[in-house]
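In: Following is a predicted model, sequence given first.
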Amino acid sequence: MDLTWSDAEDRFRNKARDWLERELAAWRARHDDRILSGDTAEGFEQHLDWERTLFEGGYAAVSWPEEHGGRGASRWEWLIFEEEYYRAGGPQRVTQNGIFLLAPTVFEFGTPEQQAHILRRMAAAEDLWCQGWSEPNAGSDLASLTCRATRDEARGGWVLNGQKTWTTRGAFCTHLFGLFRTDPDSARHKGLTYLLVPLDVDGVTVRGFGRLDGDEGFAEVFFEDAFLADDAIPGGVVLGGVGEGWSVAMATTSSERGLTLRAPGRFTATADRLVDLYRERHAAAVGSGDTDAVDPGLRDRVVQGWMKAEAYRLQTLQTVTDDAEGRSAGARSSFVKLWWSELDVELHETALDVLGAEAELDGPWSKGWQFALSGPIYAGTNEIQRNIAAERVLGLPRK
Amino acid sequence: MDLTWSDAEDRFRNKARDWLERELAAWRARHDDRILSGDTAEGFEQHLDWERTLFEGGYAAVSWPEEHGGRGASRWEWLIFEEEYYRAGGPQRVTQNGIFLLAPTVFEFGTPEQQAHILRRMAAAEDLWCQGWSEPNAGSDLASLTCRATRDEARGGWVLNGQKTWTTRGAFCTHLFGLFRTDPDSARHKGLTYLLVPLDVDGVTVRGFGRLDGDEGFAEVFFEDAFLADDAIPGGVVLGGVGEGWSVAMATTSSERGLTLRAPGRFTATADRLVDLYRERHAAAVGSGDTDAVDPGLRDRVVQGWMKAEAYRLQTLQTVTDDAEGRSAGARSSFVKLWWSELDVELHETALDVLGAEAELDGPWSKGWQFALSGPIYAGTNEIQRNIAAERVLGLPRK
Amino acid sequence: MRFAFTDDQLAFRDAVRDLLAKECPPEVVRAAWPDGTDAHGARKGEGARADPDRVARSWTALADMGVLGIAVSEANGGLAMGAGDWVLLAEETGYVALPHPFVETACVVAPLLDSVGDPDGVVAELVAGTRQAAVVPLTGSLVPWGDAVTYLLLLDHRPSVDGPWVARRVSRGVALGNEQDEQRHLASSIDAGRHVVQLGAWASKSVVGHSDDAAMAFDRGALAVAAQLVGLGRRMLDITVDYVKERRQFGVPIGSQQAVKHHLADVAKSLEFAAPAVYAAAWAIDAGDDQASRAVSTAKALASDAARLAVRNTLQCHGAIGYTVEYDLHLYLKRAEALSRAWGDAAWHRRRVAAALGI
Amino acid sequence: MRFAFTDDQLAFRDAVRDLLAKECPPEVVRAAWPDGTDAHGARKGEGARADPDRVARSWTALADMGVLGIAVSEANGGLAMGAGDWVLLAEETGYVALPHPFVETACVVAPLLDSVGDPDGVVAELVAGTRQAAVVPLTGSLVPWGDAVTYLLLLDHRPSVDGPWVARRVSRGVALGNEQDEQRHLASSIDAGRHVVQLGAWASKSVVGHSDDAAMAFDRGALAVAAQLVGLGRRMLDITVDYVKERRQFGVPIGSQQAVKHHLADVAKSLEFAAPAVYAAAWAIDAGDDQASRAVSTAKALASDAARLAVRNTLQCHGAIGYTVEYDLHLYLKRAEALSRAWGDAAWHRRRVAAALGI
């Protein structure tokens, strides 16, 4: 057991830290220190600017091979980069759904031609990918999808019909990946195909709509006889095989639940900020003689949140070690999404309680709280996650 | 709205208070100030002595008519008596399962002859009733009972076979009430009959076993061709009609969940003691300069427990008002068992945390904590209770 | 002993409920959300002002019914009723997330001024609905509906939780008149429908009434907000129960899933036990009970926690649909979250109960 | 960076696991419960001493394997291993609820005395299993296995949570020799299998080692108890998973009910994240990390809370059967509840983390 970083890793960290500090300041300055939410039209452009900066610095997807736009960083370096990224206050990654959800699937199932075309453009924020999973009647129950893709051999492609929804940042993206029913007679998880869809083809309409915090973070995507040519993506628009969509997609949702979506650095940074917030508010309260301003019980909750973030960091180090040494993480990954999503709510709720009556004002904590509330819902509700953990890890009977 | 007590009610309270103070002291003195648990053989006898004292004082079942051994007290006076009883530190009622569970059913379904025989002897602690609901394979799922009662017209009675278990204080009681399958072809909740069974008939074997706290609070009751004569109880051994057991029993379990089993006075007294405990320990910690001795966050939990007990008291006052004025309590009763059982655990856990490392020593709090842990289990697990509340109150679909 | 409302009280509640159902459906709450974007560039309000007058009408309708003068003496044109009467109305205004300062105007300021002789001569206007009041309690800085109110009160206790209370009227700046509209810049709040203005400096310190009056005003306000939180919790529960009965996943209504049932049973349970604490506090105020403040704090703490549990569990039971501004749930959810910390959060009120219990 | 145990460490753990499975099944834990009744008249132990020697043998078997000297230098007959080695063994002793002072003897007192030159000449006996040690931390009064221990240490910090630590040896009274057996009256504890004796007066204050030694001894003890709590939590979970797969109600295994699944998933989750905190603290101690105490407190707080959640949820999932002394669950449940507050409860350790974080 050795929980210290190597000199090389320390150098990687220091380099990333310096780069982030410098480039984040430059980016903010370029936008007059007025950075909007990446889920608004204007803010999205600002964030694209940042994504291009990341790409130019080689930090858009640190763990990818250089040929695809990464820097071939180890899993350890990736963890370090995530720590530094959130410690530095790096903004949300508007390319996230492509880089963290689609890309692992492309690495696993894509042809070399698909990989060559898709990944680098994704890292460079040239193609912007959104996720087309949910439909109005298929949320948690993903197998009940009804969006259809009908084969048109004459034209060499697929005709798409139906509707996707809850598509994060769909209003601002250029491409969609998702599941379509290619066998009209199939039911549940059979006969589905994983398709890659440029959103500028005729017959596709995208309508953004407001998330809980007012950001236009969601979109509905309507397909009305939209023609998806086989060569709309070099290498083809089908990822994996026709009719193989379910197993291909499951690989993606497993990325979504697992470590790659929400690295510990995000939460340890939030926890550290919560500790700082409490320290400042407590000092101010003591200074002003207003003993009511910060509840004495809050310190315990602040520490609790900090410890849980630390536990997540440590549990991830175990997972990455096991992974690096070829052992299966096994049960471990089943609990990860439950842990970080509940932790995120806990950290933000505690912060709002530290802030008191003024917590309702917009700011990083109230914004973050609203976002955190979505954690137990997206990427498979926590109720579903608990079922899965109980059945797959503990072996409890399905029903 | 008027949350004050009348002069008559105040007089009732004062009288009960004086009586309890005097008689409890006398009872303890009679037993050399060494009162054991009522769920042990020796302690049960001590508690029977107390029950007889209660009966002589007219306090064994205050709300019953005088003819049956009560004092015809109003529901309000009953609440007052319960408050005073627990405030005075009155011991657990070893006659409780008869008085609070069987008696309401006897009042509703019993013939006048059954009522005349059963109730007064119950109040006087001459007959001691235990509950025969659960069987080894029928706990939460009460409708799957298999204990059989076969009609023997020749002898004029029933032949009992099977096993009951989790029978509280069964090892010390004289009679059992419970459900038996009288129609061998029936399934689930059909063909069950509510029988009243003296435990001294041949073919009945009772084996006590230890509860979580070591008390012999449970028993298994084995029936091997036990013959229950129709006249074993004057007025008959069947309560309600043959084959009507399920609906008769549901009336009892509803008493068990509702107010009659656990009056608020029990919990407001515990909450007041918790406040006292915190005050003493905090003062001692401050006095000794040992600021570590009592966690500052505990005060918040102590108050939380106190407020929840107060809320239970108030909610009960609403229920009793509605009842007195002929309105249905409706949804209200569905949440009562959830509330008090969770509150009881919360109050005792908080007390153990106030006590710290020494909390493991036997004493009223650790004893009470162990007992409190059974609350979310007995009288229908809280999981079942939540299902019921969601389905019956909120109208959610059964499944 | 009788813990129930009178038939008259319930009839009045029903009348107000009917009125609010008609005058303040979700689209009216929605219309109260301002247009434009917040500091993050998000559009909170949707400008759904198909009939902007309806926002105003929901207030004048209450005034016409006499509700705004419910706690004012008959001499000043009010109904001279007590907390036992208005607590149910406050709950109803919570249920509909009324976009007006009902608590502040009808439950706090009007009765306070009425009881101290109407020193500013504004009670009639408050009762008539032509003037709205705001209150900033506990050294806060947020003035709800600060773009519209024309009477502002600060309520505080000095030097700490058990010090005497003082009510101070702000006579310049935000308060009394709207000639300085440019200063009334709306703060950006998660509950934008409450039109919160952040108070900077204020000009006058004139004290209204005695310490007891101020303490009573605070208790009335905290109680009324507690009642609103119970109403908000019930609304969120109702919306969610309807949804989970209809929404199907895996071939069954999601409301048949045990986890959903338990989430919502817990919400219903918390509200079931918070409500009597709220009603009992109303009685304690009317009866002049010497533990009235403790009862109010018990009510506010339980109601705040129940409402926050409702926020969490009802959103969770909806899944993604609840997480959008197009769906109505958020209107009630954000109001509940904000009010749970207004007028003292649950922990503050538990501290006050602790002090009353001598610990 | 490598956060995993070595193959050797895991092999040693497996060997000890196998040994304990054989030497310390539930009937041995049960046999350690004393006969007789408690102050309430309850019979805690069932006198199930079919083979009372087995209780003693579970200890000598560990001694024979060298486990009791795991943290003692080779010069004193030990294995000279670190916390990274014994933390897994402590977890195993928790899993089986070993009725002996493993933490105190092997993880705290033997290494402490070994490191300060064995002033009392008892290390060899501790390693051989012929002498058992107890520790009373944090101004407590309970001496676990107080009827058998022959070396007693008090561990405390003065004057408060961030004051220097001191280890004091008790040389008269309960400690050193058992000639005063009549004073060793067992206190009545919910976990009677731990044979707790309540320490009254004690005779000597001789200090063992320096403040740093005492601080290290406390951290070792708190860490080892945290590991035991993880083991206990896993045992309760295993027992319960087996039960809910088999037990049928309403025609289905109760483990197919969503509420049962969620209760147990929460327990498994809490243990999954407490365990790495425990292992990391072991590394921090071995590495001399300057935040080792913070890591230990993080581990003990998370493990205490995880174990208490396991107590509540596993009992609930059993229903009545779990609520009896005839069923094994209570043996682990009571140990977990007691140890969750021993060596500082979760709140105490969170206070220590708060201090380390500067809040």
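Out: Received the coordinates, thanks. Numbers count the residues shown, from 1 in each chain, chains lettered A, B, ... in the order given.
In: dump the residue contacts of the residue of chain A found nearest chain C.
Out: Going by C-beta to the nearest C-beta, chain C is nearest to residue A:36 of chain A, at 3.1 Å. The way it works is simple: take the backbone N, C-alpha and C, and place the C-beta from them, glycine included. By C-beta atoms under 8 Å, 6 or more residues apart in numbering or on different chains, the contact list for residue A:36 reads A:42-43, A:46, C:40-41.
In: Among the residues you listed, which one sits closest to chain D?
Out: Closest approach to chain D among the contacts of residue A:36 (C-beta to the nearest C-beta): residue C:40, at 28.7 Å.
In: Can you pull the residues of chain A lying near chain B?
Out: When proximity is defined by C-beta under 8 Å from any C-beta of the partner chain, chain A lies next to chain B at A:295-297, A:299-300.
In: most remote residue from chain C's center?
Out: Computed with C-alpha atoms, centre = their mean, the maximum C-alpha offset from the centroid of chain C is found at residue C:251, amounting to 40.2 Å.
In: quick one: is the longest strand seen in chain A near chain C?
Out: When chain A is parsed with DSSP state E, its longest strand is strand A:218-229. Yes. Counting by C-beta under 8 Å from any C-beta, chain C is contacted by strand A:218-229 at residue A:218.
In: Pull out the buried residues from that strand.
Out: A:218-223, A:226-228 (16 or more other C-beta atoms under 10 Å in any protein chain shown).
In: Spatially, which two of the residues you listed are the most separated?
Out: Across the buried residues of strand A:218-229, no pair lies farther apart than A:218 and A:227, at 25.6 Å, counting by C-beta to C-beta.
In: still on that earlier bit, most surrounded residue in the contacts of residue A:36?
Out: Within those, neighbour counts (other C-beta atoms under 10 Å in any protein chain shown) peak at residue A:43, which reaches 25 neighbours.
In: Distance of the closest residue to that residue other than its chain neighbours relative to residue A:372?
Out: The shortest distance from residue A:43 to any non-neighbouring residue, by C-beta to C-beta, 6 or more residues apart in numbering or on different chains, is to residue A:36 (3.2 Å). Note on residue A:36: its distance to residue A:372, by C-beta to C-beta, to the nearest Å, is 20 Å.
In: same deal with residue A:187?
Out: For residue A:187, the distance to residue A:372 - C-beta to C-beta - is 36 Å.
In: which one of those two has more residues nearby?
Out: residue A:372 (22 against 10).
In: Report the contact partners of the more buried one.
Out: Counted by C-beta under 8 Å, 6+ apart, residue A:372 has contacts A:341, A:344-345, A:347-348.
In: who touches the nearest residue to residue C:4 once chain neighbours are set aside in this structure?
Out: Leaving aside its chain neighbours, residue C:4 sits nearest to residue B:321 (4.6 Å; criterion: C-beta to C-beta, 6+ apart). For residue B:321, the contact set (C-beta under 8 Å, 6+ apart) comprises C:1-4.
In: make it 10 Å
Out: The contact partners of residue B:321, by C-beta atoms under 10 Å, 6 or more residues apart in numbering or on different chains, come to B:1-2, B:75-76, B:327, B:329, C:1-4.
In: Quick check: what element follows the helix or strand of chain A at the bottom of the mean pLDDT ranking along the chain?
Out: When each helix and strand of chain A is scored by mean pLDDT, DSSP states H and E, helix A:245-257 comes last, with a mean of 77. Later in the chain than helix A:245-257, the nearest helix or strand by DSSP states H and E is helix A:264-288.
In: can you list the contacts of residue A:372 in TSV and add distance to residue B:364, pLDDT and neighbour count?
Out: Converted to TSV, the contacts of residue A:372 look like this (distance: C-beta to C-beta, whole Å; pLDDT from 0 to 100; neighbours: other C-beta atoms under 10 Å in any protein chain shown):
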residue	distance to residue B:364	pLDDT	neighbour count
A:341	41	96	23
A:344	41	98	24
A:345	37	98	18
A:347	38	98	25
A:348	40	98	25
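In: and which of the residues you listed is nearest residue B:269?
Out: Relative to residue B:269, the closest of the contacts of residue A:372 is residue A:345; by C-beta to C-beta it sits at 36.3 Å.
In: any low-confidence regions in the stretch 151-300 of chain A?
Out: A:252-261, A:291-293 (pLDDT under 70).
In: For the stretch 1-150 of chain C, which segments count as strands?
Out: C:133-137, C:142-143 (DSSP state E, counting those that start in this stretch).
In: same deal with the stretch 1-150 of chain A?
Out: A:129-132, A:148-152.
In: Surely residue A:19 touches residue A:84?
Out: Yes. Under the criterion of C-beta atoms under 10 Å, residue A:19 makes contact with residue A:84 at 8.9 Å.
In: neighbour-wise, which of those two wins?
Out: When residue A:19 and residue A:84 are compared for neighbours, residue A:84 comes out ahead with 23 against 18, by other C-beta under 10 Å.
In: so residue C:155 is in which element?
Out: strand C:151-157.
In: mind listing what that strand pairs with, with the direction of each?
Out: With DSSP bridges as the test, strand C:151-157 is paired with strand C:133-137 (parallel), strand C:165-170 (antiparallel).
In: So for the following helix or strand past the last one, mean pLDDT?
Out: Elements were assigned by DSSP H and E; along the chain past strand C:165-170, the next helix or strand is strand C:197-198. Throughout strand C:197-198, pLDDT has a mean value of 86.
In: roughly how far is strand C:197-198 from the heart of the chain?
Out: Distance of strand C:197-198 from its chain centroid, counting by C-alpha atoms, centre = their mean, to the nearest Å, is 17 Å.
In: Give me the contacts around that strand.
Out: Residues outside strand C:197-198 that contact it (C-beta under 10 Å, 6+ apart) are A:358, A:361, C:134, C:140-149, C:152, C:174, C:183-189.
In: filter those to the buried ones?
Out: Buried by 16+ other C-beta under 10 Å: A:358, A:361, C:134, C:140, C:142-149, C:152, C:174, C:184, C:186-189, out of those.
In: before we move on, the earlier item: dump the strands of the stretch 1-150 of chain C into TSV; add mean pLDDT and distance to residue D:194 as well.
Out: Formatted as TSV, the strands of the stretch 1-150 of chain C follow (pLDDT from 0 to 100; distance: least, C-beta to C-beta, whole Å):
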stretch	mean pLDDT	distance to residue D:194
strand C:133-137	94	52
strand C:142-143	92	54
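In: could the strands of the stretch 1-150 of chain A go into TSV alongside mean neighbour count?
Out: Listed next are those as TSV, based on neighbours: other C-beta atoms under 10 Å in any protein chain shown:
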stretch	mean neighbour count
strand A:129-132	26
strand A:148-152	17
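In: of all the ones you listed, which lies closest to residue A:93?
Out: Per C-beta to C-beta, nearest to residue A:93 of these: strand A:129-132, 11.9 Å.
In: low pLDDT regions in the stretch 201-350 of chain C?
Out: In the stretch 201-350 of chain C, residues with pLDDT under 70: C:201, C:203-205.
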